[in-house]
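Engineer: got a structure for you, letters missing:
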């Protein structure tokens with residue numbers, strides 16, 4: 001869809017409105033301008049909520065089953081199927097932007113979502129976590145490296161405003177390298193830790209605040225939650241409790257503030273060289289039994305270890321699945337609830353009733369149209385869950401882009417800006433709220449590293465896959481045109497925000513705190529302002545405006 005001239009004397013050009021690619025709207029442009037646009041905005045908000053429900057309740061569950069059947073490792077599953085589950089709205093928005101609107105709404109959404117994740121989400125966690133949350137250097141540096149490579153690649157691909165099949169194939173190949181790196185993450189980490197000893201020592205000598213690895217004395221207890229360190233930061237494998245969630249009594253004694261009772265102390269004295277082996281063995285058994293009784297009473301320690309186990313396995317789960325496990329300690333509590341099918345109980349808040357009324361139509365339609373593979377009777381129907389979830393995600397994404405395109409045309413906002421701002425925030429808010437919740441539990445690595453990994457997926461798959469399908473499969477030999485030359489500047493700003501964020505995290509000592517939160521929020525506001533000014537041609541003509549009718 002190339003721009004065409006509307007005034008030869010002034011050489012002004014404009015871009016045909018993308019809403020013509022969708023079915024006719026029930027309202028005219030004049031009616032939308034006089035208030036009907038509010039209905040379109042409500043429809044967009046409703047599709048945001050519907051996408052979150054279908055992705056978290058059905059799509060991710062089916063992907064989890066597929067990964068189990070295929071025998072994927074946690075890292076590969078997290079980088080492929082699980083990343084697709086959390087980034088499905090952005091991916092389908094990009095597909096619709098390439099095949100339906102032939103515009104920049106998909107690229108704008110991916111770029112805006114990437115900036116939203118790395119700046120707004122980190123800023124929100126830093127401001128509202130309520131504590132100083134330590135970060136591990138290795139996961140963030142690993143994902144940031146691939147993220148920077150991805151952004152540089154996109155800059156090179158869209159620099160001439162045309163995308164070819166081999167350029168999109170290069171982006172897909174980089175993602176394959178990323179998956180391979182995750183597959184051998186432990187080996188690479190150990191090698192980097194050994195070869196980078198001098199660099200780490202130099203960082204440590206600079207002082208406490210610039211220490212690349214959080215110090216042991218930084219560990220604090222916050223009731224049920226504990227700020228802990230990633231055990232892989234030192235190049236060693238996690239403990240048995242971190243990998244399996246099974247907590248050994250000796251680990252409890254070593255890691256908790258265990259209070260020695262008189263009886264335990266007496267049996268402790270019996271385990272000495274002067275006593276015989278049978279006496280020492282019996283005393284040790286009785287002491288372990290007494291310590292285990294105290295261990296089972298320490299619910300705060302159990303919850304902290306539960307969170308730590310989830311942090312280790314976080315790449316194999318979506319945010320919603322992690323939260324469901326984090327917020328309940330007993331497996332029985334985490335079972336699927338059907339309370340939404342009945343009337344809400346009396347005495348609840350107005351917000352509870354409003355939430356039930358708005359989500360009930362979506363949940364009832366999805367309940368009867370998608371086999372729920374989380375339930376025992378539908379466990380073998382996970383492929384049906386997968387395909388039906390894709391159908392609903394595609395339908396909701398189509399409606400969302402349709403409504404946003406109409407809103408943008410009515411108020412005169414380019415598709416690229418609608419993607420960078422409105423669509424990016426709407427599709428990423430569920431993950432932002434989930435990141436905030438896990439950050440409050442002290443899981444800084446889970447809150448930050450998963451957003452970076454999701455951004456790598458959005459850029460290398462969310463952009464490259466639709467481009468490759470169009471240029472190399474459905475319309476082989478053709479090229480995808482980027483209408484707005486201003487997007488190249490937005491991607492450059494994205495690159496600068498990545499560098500600035502990494503530098504800020506290092507400057508504050510690899511922790512999430514209020515200083516980092518304020519910096520990221522301010523940087524996000526600056527990015528939005530500059531992106532909108534560029535797209536509105538304030539700094540020069542880079543984006544042909546939409547043709548008015």
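Structural biologist: Looks like it came in fine. Fair warning: this is a prediction, and the values are worked out from it, not measured in the lab.
Engineer: chain center to stretch 99-115, what's the gap?
Structural biologist: How far stretch 99-115 lies from its chain's middle: 18 Å, per C-alpha atoms, centre = their mean, to the nearest Å.
Engineer: Please apply the same query to stretch 516-532.
Structural biologist: So, by C-alpha atoms, centre = their mean, the centroid of stretch 516-532 is 19 Å from its chain's centroid.
Engineer: And it, what's buried?
Structural biologist: Within stretch 516-532, the residues that qualify as buried are 516, 517, 519, 520, 521, 523, 524, 527, 528, 531, 532, counting by 16 or more other C-beta atoms under 10 Å. Bear in mind the C-beta positions are built from the backbone N, C-alpha and C, glycine included.
Engineer: any residues touching it, and which ones?
Structural biologist: 112, 115-116, 118-120, 122-128, 417, 420-421, 486, 489-490, 493-494, 497, 500-501, 504-505, 508 (C-beta atoms under 8 Å, 6 or more residues apart in numbering).
Engineer: picking up where we left off before, just checking, which of the buried residues of stretch 516-532 belong to helices?
Structural biologist: For the buried residues of stretch 516-532, the ones inside helices are 516, 517, 519, 520, 521, 523, 524, 527, 528, 531, 532, with DSSP state H as the criterion.
Engineer: got a list of contacts for stretch 421-430?
Structural biologist: Stretch 421-430 is touched from outside by 44-45, 48, 51-52, 56, 89-90, 93, 105, 108-109, 111-113, 115-117, 120-121, 319-320, 400-401, 404, 407, 528, 532, with contacts defined as C-beta under 8 Å, 6+ apart.
Engineer: Residue 113 reaches residue 458, doesn't it?
Structural biologist: Yes. At 5.9 Å, residue 113 counts as touching residue 458 under the criterion of C-beta atoms under 8 Å.
Engineer: Which residues are in contact with each of these two?
Structural biologist: residue 90.
Engineer: which of the residues in the helix or strand hosting residue 43 are buried?
Structural biologist: Assessed by DSSP states H and E, residue 43 sits inside helix 37-54. Using 16+ other C-beta under 10 Å as the test for burial, helix 37-54 gives 37, 40, 43-44, 46-54.
Engineer: any chance of those in CSV, with pLDDT and distance to residue 362 too?
Structural biologist: Below are those laid out as CSV (pLDDT from 0 to 100; distance: C-beta to C-beta, whole Å):
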residue, pLDDT, distance to residue 362
37, 91, 23
40, 92, 18
43, 92, 13
44, 90, 14
46, 92, 8
47, 91, 10
48, 88, 11
49, 88, 7
50, 90, 5
51, 87, 10
52, 83, 10
53, 87, 6
54, 88, 8
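Engineer: Let me know how buried residue 160 is, in neighbour terms.
Structural biologist: By the criterion of other C-beta atoms under 10 Å, residue 160 has 13 neighbours.
Engineer: any idea whether it is helix, strand or coil?
Structural biologist: Three-state call for residue 160 (DSSP: H, G, I helix; E, B strand; the rest coil): coil.
Engineer: phi, psi of it?
Structural biologist: The phi/psi pair for residue 160 (degrees, to the nearest 10) reads phi -100, psi 10.
Engineer: Repeat that for the one 4 residues further on.
Structural biologist: Here the main-chain torsion angles of residue 164 (degrees, to the nearest 10) amount to phi -100, psi 170.
Engineer: Identify the residue spatially nearest to it, adjacent ones excluded.
Structural biologist: Of all residues not flanking residue 164 in the chain, residue 479 sits nearest, at 5.4 Å (C-beta to C-beta, 6 or more residues apart in numbering).
Engineer: neighbours around the one you found, how many?
Structural biologist: Residue 479: 16 neighbours (other C-beta under 10 Å).
Engineer: Surely it is in contact with residue 167?
Structural biologist: No. The criterion here is C-beta under 8 Å, and residue 479 misses it with residue 167 at 9.1 Å.
Engineer: ok, and residue 14, which helix or strand is that part of?
Structural biologist: Taking DSSP H and E as the criterion, residue 14 maps to strand 12-14.
Engineer: what's the answer for residue 178, then?
Structural biologist: Using DSSP H and E, residue 178 sits in helix 165-183.
Engineer: So for that helix, what gets flagged as buried?
Structural biologist: Buried residues in helix 165-183, counted by 16+ other C-beta under 10 Å: 165, 167, 168, 170, 171, 174, 175, 178, 181, 182.
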